[in-house]
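Colleague: when you get a sec, could you give me coordinates for this:
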Amino acid sequence: MLSAQDALKRLQDGNARFVANDPRGRDGANDQVRRSQLVGGQEPFAIILGCSDSRVPAELVFDQGLGDLFVIRVAGNIIAPSLVGSVEFAAEVFGTRLVVVLGHTCCGAVAATVDQLERPTENRSPNLHAIVDRIRPVVDPLMQACPGADSEHIKRMAVRANIVASASQLRHGSHILENLSLNDDLLVVGAEYSLETGEVDFFDGLP
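Modeller: Here you go, the predicted structure:
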């Protein structure tokens, strides 16, 4: 079992390779061999709860291959019971000790929430409202604290605030994850991926 610190370093090194366009974490020629090795089980070294945005595929961003990451993707990297359960499952069953909440710049779900607060749109589907309503508690205080602020500035701040809120919910909203954090060195961190540069900034929850 890889420690949280070692897993974090592995992700950081992989992202550095991705940014430098020097991928070495996966070799397509060996995918068949790796598939065979994984039939009997898996030992992902990190859990990534990230946004569903097509521009942020975790395995590519961190230059990792088959079986390396347990990836959970949902618009806006929001927290809901089924997503918490997925993180709990991987942490308990596979012994994975690092959880990364991965948001990104120009997040459409965050932008939709800001737009909704500025100009309510009643014709949104109930399903989209379910996502917006989970981000709203983060965005609303920002807008109240910065009246008249540029909408794009609010959206940039809200992306990071949403990452921090989701990471905090994982740390404190699950007895299983709390106990693992206290007794088994589970680490939950927040990170932001830059669409412009490809860099991942781990900025929340670092030891």
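Colleague: so, low pLDDT: which residues of this structure?
Modeller: 25-29, 121-124 (pLDDT under 70).
Colleague: mind doing that once more with 90?
Modeller: 1, 23-37, 112-132, 139-140, 142-153, 183-184, 207 (pLDDT under 90).
Colleague: and the strands in it?
Modeller: For the chain, the strands defined by DSSP state E occupy 46-50, 69-73, 98-104, 187-193, 200-204.
Colleague: packing partners of the third one?
Modeller: It stands for strand 98-104. Counting contacts by 3 or more C-beta pairs under 8 Å, 6 or more residues apart in numbering; DSSP states H and E, strand 98-104 packs against helix 4-19, strand 46-50, helix 151-172, strand 187-193, strand 200-204. In this view, the C-beta of every residue, glycine as well, is placed from N, C-alpha and C.
Colleague: hmm, who's touching the second one?
Modeller: Residues external to strand 46-50 that are found in contact with it (C-beta atoms under 8 Å, 6 or more residues apart in numbering): 7-8, 10-11, 56, 58, 62, 68-74, 77, 79, 83, 86-87, 90-91, 96, 98-104, 166, 170.
Colleague: how about the longest one?
Modeller: Outside of helix 151-172, the residues that reach it under the criterion C-beta under 8 Å, 6+ apart are 49, 76-79, 84, 87, 99, 101-107, 110-111, 113-115, 118, 135, 137-139, 142-143, 146, 177-178, 181, 188-192, 203-205.
Colleague: ok, residue 58 touching residue 101?
Modeller: No - counting by C-beta atoms under 8 Å, residue 58 does not reach residue 101; the two are 11.5 Å apart.
Colleague: got the contact list for residue 125?
Modeller: With C-beta under 8 Å, 6+ apart, residue 125 has no contacts at all.
Colleague: how close does it sit to residue 77?
Modeller: Computed as C-beta to C-beta, to the nearest Å, the residue 125 to residue 77 distance reads 20 Å.
Colleague: same check on residue 108?
Modeller: 12 Å.
Colleague: the more surrounded of these two?
Modeller: Using other C-beta atoms under 10 Å as the criterion, residue 108 and residue 77 rank with residue 77 on top: 31 against 14.
Colleague: what's near enough to touch that one?
Modeller: Counting by C-beta under 8 Å, 6+ apart, residue 77 has contacts 49, 50, 51, 101, 102, 103, 107, 162, 163, 166.
Colleague: before we move on, the earlier item: export the strands of the chain as JSON lines, with columns for distance to residue 151.
Modeller: Output for those, formatted as JSON lines (distance: least, C-beta to C-beta, whole Å):
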{"stretch": "strand 46-50", "distance to residue 151": "24"}
{"stretch": "strand 69-73", "distance to residue 151": "26"}
{"stretch": "strand 98-104", "distance to residue 151": "18"}
{"stretch": "strand 187-193", "distance to residue 151": "19"}
{"stretch": "strand 200-204", "distance to residue 151": "22"}
